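**Student:** sequence and predicted structure, then a few things I'm wondering about:
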Amino acid sequence: MNDDFKYLSDDDLNSLIESTEKAGLLEPPINFEAEVLKRLERAEMKSTVSFEDKKREYKKFRFQVCMAMAAAVLFLIVSPFISESDSINAIKAQVVEKQTSERIRTNYVSAILGNHVMSETMTGCHFDKDKED
């Protein structure tokens, strides 16, 4: 046996395999099968769900699926109108204007780094390229 990892050596492992093969199979107790079946039957009787409960669960699931489908269809119908409304267009215009002004102010950073996450986070630093310390 190896003392570092407590593994069997090859010889020890081979002798264990040989002795196991020579010993043959072990027989289970005579009433083992009957005992297992009794335990399964008892467990099944305790956790039995009635047909009405299963029906109720199915109806609940079906209702949830129908509501999800209705919400999806409603979203598909309403979303084009929302995206074309004046308030949404005004918000979009404000966002585009702010992005444009931020990019103009930090244009030299974007020219070096491109429009990456790093350049977008540097927009808040307010570098002034004309000012020297």
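**Tutor:** Sure thing, it's come through.
**Student:** from here on, contacts and neighbour counts on C-alpha atoms
**Tutor:** Fine.
**Student:** below-threshold pLDDT in this structure: ranges please.
**Tutor:** 1-4, 47-48, 83-85, 102-133 (pLDDT under 70).
**Student:** please repeat the previous calculation with a cut-off of 90.
**Tutor:** For the chain, the stretches flagged by pLDDT under 90 are 1-10, 12-13, 16-30, 32-34, 36-37, 39-55, 76-133.
**Student:** for it, which helix is longest?
**Tutor:** Ranked by residue count under DSSP state H, the longest helix found in the chain is helix 51-83.
**Student:** just the buried residues of that helix, please?
**Tutor:** By 16 or more other C-alpha atoms under 10 Å, helix 51-83 has no buried positions at all.
**Student:** next secondary structure after that helix?
**Tutor:** Next along the chain after helix 51-83, taking DSSP states H and E as the criterion, comes helix 86-105.
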